[in-house]
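**Student:** with the sequence up front, the predicted model follows.
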Amino acid sequence: MPGGVLELDESPEQGVSREVWEETGIHVEVDELTGVYKNTARGIVAMVFRCKPSGGTERTSAESTAVDWLTPEQITERMSEVYAIRVLDALDEAGPHVRSHDGRRLAKTP
């Protein structure tokens, strides 16, 4: 799940496309915002977008150790809760979701 910082001259969608390509070798079409996630311990807010692959060749980079296509069950098994929920939220098409976490566990909603 690529992540990064936007360049000053790019939109969030352009940044998503660039980061995915840099980290995975896959070109994507950015579809829609599916969630906003706040790490309360670090004061970081992440936006997550659903994307569709549109070309490229899978590869790793200095920022990635593997490129895999996972089922929802594999996502839950392999990823920590705070990252798995981002992907699962993107797959459920009921967003955008807004969630907070402490870097390890999701915050309980009232």
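**Tutor:** Yep, it's here. Keep in mind that this is a model prediction, so the values were computed, not measured.

**Student:** just the buried residues of stretch 22-38, please?
**Tutor:** By 16 or more other C-beta atoms under 10 Å, the buried positions in stretch 22-38 come out as 23, 24, 25, 26, 28, 30, 33, 34, 35, 36, 37, 38. Bear in mind the C-beta positions are built from the backbone N, C-alpha and C, glycine included.

**Student:** residue contacts, residue 38?
**Tutor:** Residues counted as contacts of residue 38 (C-beta atoms under 8 Å, 6 or more residues apart in numbering) are 44, 45, 46, 99, 100, 101.

**Student:** narrow these to those in strands?
**Tutor:** Among the contacts of residue 38, the members found in strands (DSSP state E) are 44, 45, 46, 99, 100, 101.

**Student:** just the helices in the protein please.
**Tutor:** For the chain, the helices defined by DSSP state H occupy 12-24, 72-78, 81-92.

**Student:** just put the ones you listed in JSON lines and tack on mean pLDDT and distance to residue 59.
**Tutor:** Shown next, in JSON lines, are those (pLDDT from 0 to 100; distance: least, C-beta to C-beta, whole Å):
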{"stretch": "helix 12-24", "mean pLDDT": "95", "distance to residue 59": "7"}
{"stretch": "helix 72-78", "mean pLDDT": "97", "distance to residue 59": "20"}
{"stretch": "helix 81-92", "mean pLDDT": "95", "distance to residue 59": "20"}
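
**Student:** ok, back up a step: could I have the PyMOL command that selects the buried members from the ones in strands among the contacts of residue 38?
**Tutor:** Entered in PyMOL, the line below selects the buried ones among the ones in strands among the contacts of residue 38, by 16+ other C-beta under 10 Å:
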select buried, resi 46+99+101
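
**Student:** which of the ones in strands among the contacts of residue 38 lies closest to residue 10?
**Tutor:** Nearest to residue 10, judged by C-beta to C-beta, of these is residue 46 at 16.3 Å.

**Student:** identify the farthest-apart pair in the buried residues of stretch 22-38.
**Tutor:** The span of the buried residues of stretch 22-38, defined through C-beta to C-beta, is set by 25 and 38 at 29.9 Å.
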